[in-house]
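Colleague: this one's sequence-less:
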């Protein structure tokens, strides 16, 4: 199976939305994400750990943190900052490379280059930009500002807004020259190697030496930059810069645009999420990926019990669940499987030390999953994810991330009323998913 590759990650309403070329996946986050960064991988900073995922959402590394950090900076190194420490990590393994103690304060990482880390230190009446050397492990420079409005790092210089002036500073924090005066209504951000200044309906492009490239009259557009693009949108219209030196492209959409996301591709949130092929002027609606589920016409099962009393069946299912053995019940029979061959079933029984079983072959279509109302559902559980697949309609009904080490799952019919419970068990407790017809409710048992 070809893994799904996602290119844009969006955090919203306790969900991680993963946008790909043709698909969108949403993962509930059972953790508080403090900050995140992306390059070819996705780095999540939580209150207790830092996690590295690749573009298929596979966890590549996870490192517990000694204290709470509130910002992550990505460059040649991965740097975390707290109120009194800089923690420097290896980007691949997330192992600690170094740590630098800071005087307690309110810091924000501006950037890093040439073995230096630049911090903004907010104080009561002033703000300072401080330079720390990774090699020396200490502060090597600082500059105090009394009316600092914003700081942007370029390849060789800083653009610093102070008062009503936008000034160019060297990396040694020496003022080189004033670039322009600006009003308090100006919005300033960086796009590639250009400075964008938006004042009212006027968008101005500057190079990093302060030379104005051109002006554009644009009314009430909301702009953001990402990847190769500068994108503005309002109502049903979107304007796209693919390069600062090229003329922008304007497109009209049939429905109101709610959000825009830009990276290697452009995505629009309208009624659903779409990828915008702006060259061919097409919108591609993103679909939810559905797991491939194969239901064979026959299979081998380990039958470990047969009961007329449903309570006895539940007891045995609970015992198997406690041992980490996934089993299911139908027609009063408790079975494990299906397996591709009789020997596969026997090998599984040896591995799990099952003693009381017999191998049966169901020559009819096996009853797979759980019957809820008139539809059948198949729970699929992995090391860190649970999916419930609607076999009847070939739809993915539920997808959720599992946090913690789950040893097993137990599914069972409840009172023959078409209601189902899927119970996930771990050392931390139990998570219960109950369903009636097509309605799913997630709850935690204290």
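Modeller: Here it is on my side, so go on. Quantities reported herein were computed from a predicted structural model and do not represent experimental measurements.
Colleague: what pLDDT, on average, does the longest helix along the chain get?
Modeller: For the chain, the helix that runs over the most residues, judged by DSSP state H, is helix 310-322. Mean pLDDT, computed over helix 310-322, is 76.
Colleague: Kindly spell out which helices and strands sit in contact with that helix.
Modeller: strand 299-306, strand 333-339, strand 406-414, strand 419-426 (3 or more C-beta pairs under 8 Å, 6 or more residues apart in numbering; DSSP states H and E). In this view, the C-beta of every residue, glycine as well, is placed from N, C-alpha and C.
Colleague: Just the angle for it relative to strand 333-339, thanks.
Modeller: Interaxial angle of helix 310-322 relative to strand 333-339 (axes from the mean of the first three to the mean of the last three C-alpha atoms, to 10 degrees): 40 degrees.
Colleague: Quick one: distance of helix 310-322 to the chain centre.
Modeller: Centroid separation for helix 310-322 versus its chain: 37 Å, with C-alpha atoms, centre = their mean, to the nearest Å.
Colleague: what ranges of the stretch 251-400 of the chain fall below the confidence cut-off?
Modeller: For the stretch 251-400 of the chain, applying pLDDT under 70 flags the ranges 288-299, 321-324, 326, 330-331, 340, 362-400.
Colleague: which residues in it form strands?
Modeller: Under the criterion DSSP state E, counting those that start in this stretch, the stretch 251-400 of the chain carries strands at the ranges 259-262, 266-269, 273-277, 282-285, 299-306, 328-330, 333-339, 358-362, 370-372, 375-381, 385-390, 395-401.
Colleague: Packing partners of the longest one?
Modeller: What it means is strand 299-306. helix 310-322, strand 333-339, helix 342-351, strand 358-362.
Colleague: now the second one
Modeller: For strand 266-269, the helices and strands in contact under the criterion 3+ C-beta pairs under 8 Å, 6+ apart are strand 229-234, strand 259-262, strand 273-277.
Colleague: Out of these, the one nearest residue 168 is which?
Modeller: Closest to residue 168 of the helices and strands packed on strand 266-269, according to C-beta to C-beta: strand 229-234, at 21.3 Å.
Colleague: In contact with residue 218, which residues?
Modeller: Contact analysis of residue 218 by C-beta atoms under 8 Å, 6 or more residues apart in numbering lists 201, 202, 203, 232, 239.
Colleague: farthest-separated two in these?
Modeller: 202 and 239 (14.0 Å).
Colleague: out of those two, which sits in the more crowded spot?
Modeller: Set side by side, residue 202 and residue 239 show more neighbours around residue 239, with 18 against 13, by other C-beta atoms under 10 Å.
Colleague: Within its sheet, name the partner strands of the helix or strand that contains the more buried one and how each one runs.
Modeller: Applying DSSP states H and E as the criterion places residue 239 in strand 237-241. With DSSP bridges as the test, strand 237-241 is paired with strand 229-234 (antiparallel), strand 249-252 (antiparallel).
Colleague: Can you give me the buried ones in that strand?
Modeller: Across strand 237-241, burial judged by 16 or more other C-beta atoms under 10 Å covers 238, 239, 240, 241.
Colleague: How about stretch 41-56?
Modeller: Within stretch 41-56, the residues scored as buried using 16+ other C-beta under 10 Å are 42, 43, 44, 45, 46, 50, 51, 52, 53, 55.
Colleague: Count the residues that sit near the residue nearest to the second one when sequence neighbours are not counted.
Modeller: Ranked by C-beta to C-beta, 6 or more residues apart in numbering and with sequence neighbours excluded, the top spatial neighbour of residue 43 is residue 37, at 4.8 Å. The burial metric for residue 37, expressed as a neighbour count using other C-beta under 10 Å, is 16.
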